[in-house]
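Visitor: sharing a sequence plus its predicted fold:
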Amino acid sequence: MTAYIKFIMILFCVFFKAQNNFIVYNKIIDDAGGNEKIYEKNILVFQDKWSIFFSYRGSLEEVNDFLTNSEKIRSSQIIKNSLDEKKFYIKDNSFTKEILFTLDNYQKIDWNIIQKDTEIILGYKCHKALGKFRGRDFIAYFTTDLPVDLGPLKFRGLPGVILKVSDKDNLFTYEAAKIVLNFPQKIDINSKLLFSFPEEKSKYIDYKEYINIENNYLKDIKSKVEANRPAGTIVVSSSKERDFKIEKSFEWEESKKP
């Protein structure tokens, strides 16, 4: 990243300090067979020191009201990104009855920027970048017109906001559907949460432990599905538990390989 781009990013962050900015992403999940796709929405709210990412069930037309009214965020998973610490504070109860809090360290993605490949998203010229993240190859489109190191989920590390990202197999796609900068009304995210992120780090379980809990849940679901198959069913191939998760493998698993 050149000194000029870093300077522009600093100016942009200063300009938007304490402002309310958000991006609504359309999330598309493919079943890998092309027979059915799941469509969801996610919102990324960001200021100068942090961002927060969560699922949203309403329409694009209703999102402005949702972010400023008293309605609570009911996303089963919420990811808060502390830009200073380079950590992700995660709340999740998508696979447990209790709420789990975990901390994940920022994993640097070695992006390869393809300057000649561009795409226009919501009027912003975006450049293509290729990168590997936790067992998958991803294609991202980012815009230097918004020179902030942000993106959906945990995707970061480019000289501009990531407006679209998908894995090479197109199982998962996130694409910006609405961008609002300097929203005039205050967005008080803390008042919209049904919980509070603990201040004490001791309240957060290790991310490896969190993944082990999720893997056990996925194994249990897989076993139940296989047990309910009709007698005589021939299984051509058996997928692994994380084959349909965005994070497919992890750095601590790689370190164990000979």
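Guide: Arrived safely, thanks for sending.
Visitor: hey, let's count contacts and neighbours off CA atoms from now on
Guide: Fine.
Visitor: so what sits opposite I120 in the bridge?
Guide: Taking DSSP bridges, one finds K125 as the beta-bridge partners of I120.
Visitor: neighbours around it, how many?
Guide: As a burial measure, I120 scores 13 neighbours (other C-alpha atoms under 10 Å).
Visitor: now the helices for this protein?
Guide: Counting by DSSP state H, one finds helices in the chain at the ranges 3-15, 63-68, 189-192, 207-227, 251-254.
Visitor: out of those helices, which one sits most buried?
Guide: Comparing those by mean neighbour count (mean count of other C-alpha atoms under 10 Å), helix 63-68 ranks first with a mean of 16.
Visitor: output the helices of the chain as CSV; include the columns distance to Q77.
Guide: Shown next, in CSV, are the helices of the chain (distance: least, C-alpha to C-alpha, whole Å):
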stretch, distance to Q77
helix 3-15, 27
helix 63-68, 17
helix 189-192, 14
helix 207-227, 13
helix 251-254, 22
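Visitor: quick one: closest of those to Y141.
Guide: Smallest distance to Y141 across the helices of the chain (C-alpha to C-alpha): 17.1 Å, for helix 3-15.
Visitor: average model confidence for the closest one?
Guide: Averaged across helix 3-15, pLDDT comes to 49.
Visitor: domain boundaries for this protein, per the record?
Guide: Described in terms of automatic domain parsing, the domain architecture of the chain consists of the residue ranges 3-205, 209-254.
Visitor: out of these, name the one with the poorest average pLDDT.
Guide: Set side by side, these give their lowest mean pLDDT on domain 209-254, at a mean of 82.
Visitor: can you give me the end-to-end span of that domain?
Guide: Chord length of domain 209-254, first to last residue, is 16 Å (C-alpha to C-alpha, to the nearest Å).
Visitor: thinking again about what came up before, so which of the helices of the chain comes closest to I179?
Guide: Going through the helices of the chain one by one, with C-alpha to C-alpha as the measure, helix 63-68 comes closest at 11.0 Å.
Visitor: the residue lying closest to P147 once chain neighbours are set aside: how many residues sit nearby?
Guide: Sequence neighbours aside, G160 is the residue nearest to P147 in space, at 4.0 Å (criterion: C-alpha to C-alpha, 6 or more residues apart in numbering). Per other C-alpha under 10 Å, the neighbour tally for G160 reads 22.
Visitor: could I get the phi/psi values of G160?
Guide: Summarising the backbone geometry of G160 under the convention degrees, to the nearest 10, its torsions are phi 170, psi 160.
Visitor: help me confirm that it comes into contact with T143.
Guide: Yes. With contacts counted by C-alpha atoms under 8 Å, G160 reaches T143, the gap being 5.0 Å.
Visitor: give me the common contacts of those two.
Guide: Counting by C-alpha atoms under 8 Å, 6 or more residues apart in numbering, G160 and T143 have no shared contacts at all.
Visitor: so what's the residue lying closest to S94 once chain neighbours are set aside up against?
Guide: With C-alpha to C-alpha, 6+ apart as the measure, S76 is the residue that lies nearest to S94, at 5.1 Å, once sequence neighbours are left out. S76 makes contact with S55, K91, D92, N93, S94, according to C-alpha under 8 Å, 6+ apart.
Visitor: can you put these in JSON lines and add neighbour count and distance to E199?
Guide: Formatted as JSON lines, the contacts of S76 follow (neighbours: other C-alpha atoms under 10 Å; distance: C-alpha to C-alpha, whole Å):
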{"residue": "S55", "neighbour count": "20", "distance to E199": "23"}
{"residue": "K91", "neighbour count": "21", "distance to E199": "13"}
{"residue": "D92", "neighbour count": "18", "distance to E199": "17"}
{"residue": "N93", "neighbour count": "14", "distance to E199": "19"}
{"residue": "S94", "neighbour count": "13", "distance to E199": "22"}
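Visitor: among the domains of the chain, which is the most enclosed?
Guide: Ranked by mean neighbour count under mean count of other C-alpha under 10 Å, the domains of the chain are led by domain 3-205, which reaches a mean of 17.
Visitor: what's the spacing between that domain and its chain's center?
Guide: Computed by C-alpha atoms, centre = their mean, to the nearest Å, the chain-centroid distance of domain 3-205 equals 5 Å.
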